[in-house]
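Participant: any chance you can model this:
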Amino acid sequence: MQLPRMILTATITCLWLCGPCLSKPAATAARQPVAWQSPVSSVYCAQVFAKVDAIVRKNFVDSRVATVEWPEATKQHKKRILASRTTVELDERMNALIKTLHTSHCEFATPNDEICYFLRSLFSQFGKKRAPLMTFTGAITGGVNCTGRQVRYVLDGSPASASGILPGDEIIAVDGRPYVGQLSFSGTAGRTVMLTVKRNNSETRIRLKPELKDAYSCYVEAIEKSVRVMKTADGVIGYVHLWSGGQGAHEMLENLLGGKLQSTEGLILDLRDGYGANFFTDLDYFYRPAAGYPPTTMTWRSGKQDKTVVFYDKPVVALINGGVRSGKELLAFSLKRTGRAKLVGERTAGAVVAGKLFPIDSRTYLYLAVAAGSVGGVNLEGRGVDPDVVVAAGCSKTERDRQLAEAEKLVREQVRARKDAAAAEALPAGKTPELPAKK
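Facilitator: Numbers count the residues shown, from 1 in each chain. From the prediction side, this is the model:
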């Protein structure tokens, strides 16, 4: 299935792509340089600094900031950046400078950041280059409500999920060495490593076996593996976590809505965390009217029948938090404005500009805001989308599950109300439904 040209163009240029995984656990985890943190020279740091400086001056969305405020900021940060001894330190110090731009979609990324692999993997499907492989764990640390070493989310079906790692866990060490980020797992694919994890104020050991995979495929697979179908007293409720946008994710969501989730009577659409790259057409299934998209049935010679339904007109509740950025904020905005779904959780990030990925060299990248925009006349940058039902949560699984429980409660109420309305319509004229007998 081919995505509309608008989505394809937006995806290629990184429009509406979020960067929550650019959180930097590195510097807070270990201050002492060690070999496996990738040593760098002052000459190398100067080369990287010069290229980043030139790209920002030429491409950053706000020309006044790029030509007036940015040069002043570089003077204050340059000396410290050039004194970086490792990739980890360079990562931290370059981002301290880039934060002075005060705009989303502005990050410096190194091999210590998952986003280096994710973006290259995502865009490789539009070119001739093969998707780069990474040592994949599925446990993403740092960011919204979490400290640098705390696990913010765990991808469904990932090695981290299989090992029992939970959101809120703090990774202290990997095979006895201080945890610094993605580099801590370099070269460990296919073998078991021992994590020292802090959970509920006590340390525990967890075995983890990373895999060598391309990042984007892992996020698409996680969407499929997140699916749950739950039988409740009010009806059958479905759940799916839309971890990312992009063509693969779009097709996966539609396949699930037309397959495993089609028979459900209500749905929880989890938008929290992960990446963006989404566009409004990801919601097509939810807006299609049954009359315009009538179910089709194919009957084979054997008598077997295949029924195809390409719409989902049942109740939907969407989960949001501060990890919902960029393209996912478009979805949240649309669902709320149209009333198609109630939003549960916390305000989205307010990170809605157009970003572009600039390679600095073979291992470092600059993700930079290159254009501003509005959605339905509303500028979401720095503003975000508010939930209909506020449920605050921290970093732990228990806290996040409170949001999920509220979403389930709300969708069950809607399913029950829909059934009651259908039952009332089916009654003969003038007859009222019987009330349950009092105990």
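Participant: any idea which helix or strand comes after the longest strand along the chain?
Facilitator: The single longest strand within the chain, with elements called by DSSP state E, is strand 146-154. Where DSSP states H and E defines the elements, the next helix or strand beyond strand 146-154 is helix 159-163.
Participant: and the contacts of the helix or strand following that next one?
Facilitator: For helix 159-163, the following helix or strand on the C-terminal side (DSSP H and E) is strand 170-174. Here strand 170-174 makes contact (C-beta atoms under 8 Å, 6 or more residues apart in numbering) with 139, 141, 147, 149-151, 178-179, 184-185, 188, 193-199, 203. (C-beta placed from N, C-alpha, C; glycine too.)
Participant: same check on stretch 253-264?
Facilitator: Against stretch 253-264 from outside (C-beta under 8 Å, 6+ apart): 1, 223-224, 227, 229, 236-238, 240, 242, 267, 282, 284-285, 308-310, 312, 314.
Participant: which residue, other than its chain neighbours, is closest to residue 246?
Facilitator: Among residues not flanking residue 246 along the chain, residue 277 sits closest, at 4.5 Å (C-beta to C-beta, 6 or more residues apart in numbering).
Participant: right, I mislabeled it, should have said residue 315
Facilitator: Using C-beta to C-beta, 6+ apart, the closest residue to residue 315 is residue 414 (3.7 Å).
Participant: got the angle for the helix or strand harbouring that neighbour vs strand 146-154?
Facilitator: Element membership for residue 414 (DSSP H and E) is helix 397-426. On the basis of axes from the mean of the first three to the mean of the last three C-alpha atoms, to 10 degrees, helix 397-426 is oriented at 40 degrees to strand 146-154.
Participant: give me the distance from helix 397-426 to the chain's centre.
Facilitator: Centroid displacement of helix 397-426 relative to its chain, using C-alpha atoms, centre = their mean, to the nearest Å, is 25 Å.
Participant: quick one: the helices in the stretch 151-300 of the chain, in order.
Facilitator: 159-163, 215-225, 247-258, 284-287 (DSSP state H, counting those that start in this stretch).
Participant: repeat that for the stretch 301-439 of the chain.
Facilitator: 327-338, 397-426.
Participant: and among those helices, the most buried is which?
Facilitator: A comparison of the helices of the stretch 301-439 of the chain by mean neighbour count, using mean count of other C-beta atoms under 10 Å, puts helix 327-338 on top with a mean of 22.
Participant: ok, residues contacting it?
Facilitator: 16-18, 242, 245, 271, 274, 276-280, 282-283, 286-287, 316, 318, 320, 324, 340-341, 343, 348-352, 375-376, 378, 380, 384-386, 388.
Participant: ok, 7 Å please
Facilitator: Residues outside helix 327-338 that contact it (C-beta atoms under 7 Å, 6 or more residues apart in numbering): 16-18, 245, 271, 276-280, 282-283, 318, 320, 324, 341, 343, 348-349, 352, 375-376, 380, 384-385, 388.
Participant: pLDDT of that helix, averaged?
Facilitator: When pLDDT is averaged along helix 327-338, the result is 97.
Participant: same thing with stretch 236-250?
Facilitator: The pLDDT scores in stretch 236-250 average 96.
Participant: rewinding a little: list the helices and strands the helix holding residue 414 packs on?
Facilitator: If you count contacts as 3 or more C-beta pairs under 7 Å, 6 or more residues apart in numbering; DSSP states H and E, helix 397-426 packs onto strand 235-241, strand 266-270, strand 316-320, strand 341-345.
Participant: residue 419 is nearest to which of those?
Facilitator: strand 235-241 (7.0 Å; C-beta to C-beta).
Participant: just the buried positions in the closest one, please.
Facilitator: Buried residues in strand 235-241, counting neighbours by 16 or more other C-beta atoms under 10 Å, are found at 235, 237-241.
Participant: and which of the residues you listed is nearest residue 155?
Facilitator: For those, the nearest to residue 155 is residue 241 (8.8 Å; C-beta to C-beta).
Participant: if I pick the closest one, what's in contact with it?
Facilitator: Going by C-beta under 7 Å, 6+ apart, residue 241 touches 156, 223, 226, 270.
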